[in-house]
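In: I'll drop the sequence and a predicted model, then ask my questions.
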Amino acid sequence: MTLVFEPKANRPAPTNTVGFVGWLRQNLFKDIPNTLMTILGLYLTITVVGWVLNWALFNAVWDASSRRECLDLVGRSGACWPGVVEWLPNMIYGLYPKDQVWRINLGFLALIVWLVPLWMGGVKSKVAIGLSVVAFYPFLASYFFLGGDKGPIWTALVALGLWGLVWVWSTALCERRTGLSIGTWLAQRFADADNDIAQKRVRQAAALLLFVVCVGLVSQWSLSEVRTQFWGGLFLTLVISGIGITFSLPAGILLALGRRSDMPAIAMLSTLFIELFRSVPLITILFMFNTMLPLFMPAGTEVNQLLRAIVAVCLFAAAYMAEIVRGGLQAIPKGQYEAASALGLGFWQTTTQVVMPQALKIMIPTIVGNFIGLFKDTTLVSIIGLFDLMNMARAVGEDSDWLGLFIEPFFVVSLIYFVFCFAMSSYSIGLERKLSAGRDR
Amino acid sequence: MSGNNKARKVIEINGLNKWFGQFHVLKDINLTVREREIYVVCGPSGSGKSTLIRCINQLEHHQEGDILVDGVEVEKGGKNQTLIRRKTGMVFQQFNLFPHLTVLENCTLTPTLGLQTPKKDAEELAMKHLNRVGIADQALKYPLQLSGGQQQRVAIARSLCTQPKIMLFDEPTSALDPEMIKEVLDVMIELAEDGMTMICVTHEMGFARQVADKVVFMDQGEIVESNTPAEFFADPRFDRTQQFLAHIL
């Protein structure tokens, strides 16, 4: 007789190992040492948090005109905030003229507006929108921030920036409503469906028309020049690290590919560049660019000091990013390359469609870690005399009214850095989750 | 399917030699595969079977001898490798599906990207082949959500989407659980019956018996013998072949 195999039914797990109580028992009160550690940890947390709250809020002075007054009121037991409040505009905008500060706000607002479509549902051309930020936004922003006279070329570039912003929003809204990008929609509306040339004409005409309108608008704008000497604070930090971050990823990808290239000249140059910039501290590179570069330039050419710092940060960050991307590339099994080759895909097709998406996904935590590091490393530009957020905070304690007031501004600076870095970190974790949903077992 | 000497030669290999450094992996290989023929290549590990079929689609470059794929000579150093690879499809032991793309995207990637097929046509073609390997209902899943056997069938469909003249199979069932080997072999048998030209490196001798026109036995970089399956299994001519068969049967 044949026996029939019947699998046993699943039973629920024992109740004291699951749920909140199970978690508490498992993690906080497992045995006596574990319970003691929990109590100790709780005690330390309460003490530290209590101390910080007392200092920063309950004992703090909010109304005083100098540090002397603060000290007379509460001594060192409470924070002296009026100095920070007085200096806060400087810590954010540097020495930017007060009546022009709206330009900085508008510039960053434009960036946020530009990025919003990336989070909207129903928008398909997200890659194009993302690229448009890198390609067009800098023109718009630099005109807002710098201002000054603009010749025809500068006008055209700024118009291109405005053009990009208008395109992003019109295509995002159009895709939400019709599922087609604005160019395709216009082409189908005003040209025969099967007439490719006419469709292309319509697209070109629409793009050109928009550009002309943008040029018209931009040429009406007139912003007074604010030289980079007056840039500072959080604004400067964001400009330097923003450019560094945006530049380092594409440059790092190219360098990493270059280093792995079969062509010896490219591989050698990439390796040389990467190793050179990785083995020198950022401070040294900043110094070199600041003091030595002008010596090699032809007499009379003057390169802006901020620009020199930005270039130094970019090159340094690109070298680091290159090694991160290379690490990601090495994690991709050989089989992926072979499968792509066997299917007849070329180098760039394999790289952009098969290898890079996987490599970058693996490396998201490290890449964002590097972005965070870069963001904080920009504090080093204070060494060549730029007044970034950190240097501006130091300046508070050197003001004769607030002499010696260092802890409070640094506390605020820490908070600001924490907010930005934590946001980046959380975003990367969210991104990782979104990208791996349904794709990993 | 039998030896029709009038049929077009899809693969023609004359005096193929290949070295890995100082190691001589392939020695004076001659092989002709005609349209609709099924070749099964077997032999101990390290005998050069995989290297042989990888030379055909230029995943490995050969140093001596001529290889013709569908009448086109394979240039040494991989100069016309893209052209050659579009004429051949390859299925790997480890499937090598692209894990970041859905099953359907895996199949449409090459047609849309490499061959400039419109997306809609590419998707139709992909669904046709996914249907053929019995996996159309999983088209929107990601590869890692499928079982090994299903993944390998997707890999076959992905290759078919480039409409190859010949399919190369590199131990397609060796990484599979015993229960999944059959579903992959069934797909391969169906392909064979539909008239696809195939070279299969495999130790599935049942498969060889059922569909192969020729069984090729390789050892130490040489083709020891090549015969119809009936003769090959009943009456192997070389002692080395007999030893090998005694081990695996």
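Out: Looks like it came in fine.

In: List the buried residues for the longest helix seen in chain B?
Out: The longest helix of chain B (DSSP state H) is helix B:178-193. When burial is assessed from 16 or more other CB atoms under 10 Å in any protein chain shown, helix B:178-193 yields the following buried residues: B:180, B:181, B:183, B:184, B:185, B:187, B:188, B:189, B:191, B:192. Glycine gets a C-beta too; all of them are placed from N, C-alpha and C.

In: How is the residue nearest the centre of chain B assigned, secondary-structure-wise?
Out: The residue lying closest to the centre of chain B (CA atoms, centre = their mean) is residue B:168, at 1.6 Å. Taken by DSSP: H, G, I helix; E, B strand; the rest coil, the conformation at residue B:168 corresponds to strand.

In: Check residue B:24 too.
Out: Classification of residue B:24 by three-state DSSP places it in strand.

In: Touching, it and residue B:64? I think so.
Out: No - the criterion here is CB atoms under 8 Å, and residue B:24 misses it with residue B:64 at 10.5 Å.

In: Please identify every residue contacting each of these two.
Out: B:17, B:18 (CB atoms under 8 Å, 6 or more residues apart in numbering or on different chains).

In: partners of the residue nearest to the centre of chain B in the sheet?
Out: Per DSSP bridges, the residues bridged to residue B:168 are residue B:90, residue B:199.

In: Residue numbers of the stretch 201-350 of chain A in contact with chain B?
Out: For the stretch 201-350 of chain A, the residues in contact with chain B (CB under 8 Å from any CB of the partner chain) are A:333, A:335-336, A:338-346, A:349.

In: can you pull out the helices in chain B?
Out: B:49-56, B:81-87, B:103-113, B:119-132, B:148-160, B:178-193, B:205-211, B:229-234, B:239-248.

In: my bad, should have said the stretch 1-150 of chain A
Out: Secondary structure of the stretch 1-150 of chain A by DSSP state H, counting those that start in this stretch: the helices cover A:19-27, A:32-53, A:67-74, A:81-93, A:101-115, A:126-146.

In: Looking at those helices, spot the one closest to chain B.
Out: Across the helices of the stretch 1-150 of chain A, chain B has its closest neighbour in helix A:126-146 (14.5 Å, CB to the nearest CB).

In: what mean pLDDT does the helix or strand following that closest one have?
Out: Next along the chain after helix A:126-146, taking DSSP states H and E as the criterion, comes helix A:152-178. Averaging pLDDT along helix A:152-178 yields 92.

In: List the buried residues of helix A:152-178.
Out: So, applying 16+ other CB under 10 Å, buried residues of helix A:152-178: A:154-172, A:174-175.

In: low-scoring stretches of chain A, by residue?
Out: A:16, A:437-441 (pLDDT under 70).

In: What are the structural domain limits within it?
Out: Here the domain parsing of chain A from automatic domain parsing is A:18-58, A:64-96+A:239-441, A:97-225.

In: Is there proximity between the one helix or strand residue A:375 maps to and chain B?
Out: Residue A:375 is part of helix A:356-377 when elements are defined by DSSP H and E. Yes - for helix A:356-377, a contact with chain B is found by CB under 8 Å from any CB, at A:357, A:358, A:361.

In: coming back round to it: Throw the helices of chain B into a markdown table and include mean pLDDT and distance to chain A, thanks.
Out: Output for the helices of chain B, formatted as a markdown table (pLDDT from 0 to 100; distance: least, CB to the nearest CB, whole Å):
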| stretch | mean pLDDT | distance to chain A |
| --- | --- | --- |
| helix B:49-56 | 94 | 8 |
| helix B:81-87 | 91 | 4 |
| helix B:103-113 | 92 | 4 |
| helix B:119-132 | 93 | 13 |
| helix B:148-160 | 95 | 7 |
| helix B:178-193 | 92 | 15 |
| helix B:205-211 | 92 | 22 |
| helix B:229-234 | 92 | 27 |
| helix B:239-248 | 90 | 26 |
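
In: Make a markdown table from the residues of helix A:356-377 next to chain B and add neighbour count and distance to residue B:197 to it.
Out: Shown next, in a markdown table, are these (neighbours: other CB atoms under 10 Å in any protein chain shown; distance: CB to CB, whole Å):
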| residue | neighbour count | distance to residue B:197 |
| --- | --- | --- |
| A:357 | 15 | 34 |
| A:358 | 20 | 33 |
| A:361 | 17 | 38 |
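
In: okay but residue A:143 is in contact with residue A:158, surely?
Out: Yes - if you go by CB under 8 Å, residue A:143 and residue A:158 touch, sitting 4.5 Å apart.

In: anything in contact with each of these two?
Out: With CB under 8 Å, 6+ apart, residue A:143 and residue A:158 have common neighbours A:150, A:218, A:221.

In: May I ask which of the residues you listed has the most neighbours?
Out: Tallying neighbours with other CB atoms under 10 Å in any protein chain shown puts residue A:218 at the head of these, with 22 neighbours.

In: That one contacts residue A:162, doesn't it?
Out: Yes - in terms of CB under 8 Å, residue A:218 counts as a neighbour of residue A:162; the distance is 6.1 Å.

In: For residue B:75, give me phi and psi.
Out: With angles defined as degrees, to the nearest 10, residue B:75 sits at phi -80, psi 140.

In: Count the neighbours of residue B:216 for me.
Out: When neighbours are defined as other CB under 10 Å, residue B:216 has 24 of them.

In: I'd assumed residue B:39 was in contact with it.
Out: Yes - counting by CB under 8 Å, residue B:39 is a contact partner of residue B:216 at 6.0 Å.

In: and for those two, which residues touch both?
Out: residue B:31.

In: Okay, buried residues for stretch A:123-138 please.
Out: Buried positions in stretch A:123-138, judged by neighbour count with 16+ other CB under 10 Å: A:123, A:125, A:129, A:132, A:133, A:136, A:137.

In: can you check stretch A:320-328 too?
Out: Within stretch A:320-328, the residues that count as buried by 16+ other CB under 10 Å are A:320, A:321, A:322, A:323, A:324, A:325, A:326, A:328.

In: Out of those residues, which sit inside strands?
Out: Judged by DSSP state E, strands contain none of those.

In: excluding its backbone neighbours, what's nearest residue B:27?
Out: Leaving aside its sequence neighbours, residue B:27 sits nearest to residue B:221 (CB to CB, 6 or more residues apart in numbering or on different chains; 4.4 Å).

In: what's the neighbour count on the one you found?
Out: By other CB under 10 Å, the residues close to residue B:221 number 22.

In: wait, doesn't it sit right on residue B:49?
Out: No - under the criterion of CB under 8 Å, residue B:221 makes no contact with residue B:49, lying 9.9 Å away.

In: What subset of the residues of the stretch 201-350 of chain A next to chain B is buried?
Out: By 16+ other CB under 10 Å, these give A:336, A:338, A:339, A:340, A:341, A:342, A:343, A:344, A:345, A:349 as buried.

In: Switch these over to CSV; also include secondary structure and distance to residue A:30.
Out: Compiled in CSV, these are given as follows (DSSP: H, G, I helix; E, B strand; the rest coil; distance: CB to CB, whole Å):
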residue, secondary structure, distance to residue A:30
A:336, helix, 44
A:338, helix, 49
A:339, helix, 48
A:340, helix, 50
A:341, helix, 53
A:342, helix, 53
A:343, coil, 53
A:344, coil, 58
A:345, coil, 53
A:349, helix, 54
